[in-house]
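Chemist: Fold the following for me, if possible:
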Amino acid sequence: MAQKPELARTLRQLNEALLDLSDDYRKVGERHATGHDMFHIAHHLAAQCDLQAQALQPHAERYGEELAEPEADGMWESLLAGLRRMQAVAAGRRAAPGLLLLRDLRQLHLAIEEAAMLWLVIGQAAQALRDRELLTTVERAREEMTKQLMWVTTRITEAAPQVLAA
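Modeler: Reported below is the predicted structural model:
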């Protein structure tokens, strides 16, 4: 396939956004591990972002770009994850965790929107190039991004009145 440097650059930007979002999900899940399902859902969504980043790889290669792959959690990251979970337990005894949760959810929302917008842009390019394979990947990922946005919006809707009007 012909080299498309602008598309390749945008694919790299999306890959970076997805890997950053994945990392953000894991950190939020660990920081709010005392929440009912926050830890497990956040880690599930992080894995979903990692899979989306992996799905970009063959498309990026076709357009002349090599993408970074998700990093395996090393010993240092595992240690930090454990520390964040211990902080979550300690913070769970104070009023501030609700405000921290709202801040984290707002930041997740913005990061999801960034990735979703990049998927939209790449989808438009795929349509213009009649790249059916890339378009299929985009459609599947956009569906997942929509569900992620719905999840984080629901969490914000649930948390805001409890935290701000209590």
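
Chemist: and the gap between the residue sitting nearest the centre point of the chain and residue 161?
Modeler: Residue closest to the average C-alpha location in the chain (Cα atoms, centre = their mean): residue 21, at 3.0 Å. For residue 21, the distance to residue 161 equals 26 Å [Cβ to Cβ, to the nearest Å]. (Glycine included, C-beta is placed from N, CA and C.)

Chemist: Then residue 127?
Modeler: Counting by Cβ to Cβ, the gap from residue 127 to residue 161 is 41 Å.

Chemist: Settle it for me: which of the two has more neighbours?
Modeler: Per other Cβ atoms under 10 Å, whichever of residue 127 and residue 161 has more neighbours is residue 127, with 13 against 9.

Chemist: And the pLDDT for the nearest residue to that one once chain neighbours are set aside?
Modeler: For residue 127, ignoring the flanking residues on the chain, the nearest one in space by Cβ to Cβ, 6 or more residues apart in numbering is residue 135 at 6.3 Å. For residue 135, the model assigns a pLDDT of 98.

Chemist: The helix or strand hosting the residue nearest to the centre of the chain: which residues count as buried?
Modeler: Per DSSP states H and E, residue 21 falls inside helix 5-31. The neighbour-count check on helix 5-31 (16 or more other Cβ atoms under 10 Å) flags 7-8, 10-12, 14-15, 17-19, 21-31 as buried.

Chemist: Can you tell me which helices and strands it packs against?
Modeler: helix 38-62, helix 75-91, helix 96-129 (3 or more Cβ pairs under 8 Å, 6 or more residues apart in numbering; DSSP states H and E).

Chemist: how close does residue 153 sit to residue 127?
Modeler: In terms of Cβ to Cβ, residue 153 sits 27 Å off from residue 127.

Chemist: ok, now residue 116?
Modeler: When residue 116 is compared with residue 127 (using Cβ to Cβ), they lie 17 Å apart.

Chemist: go on, residue 26?
Modeler: 33 Å.

Chemist: And residue 133, how far from residue 118?
Modeler: 18 Å.

Chemist: quick one: which of the two has more around it?
Modeler: Legend: neighbour count by other Cβ under 10 Å for residue 133 and residue 118, higher for residue 118 (21 against 11).
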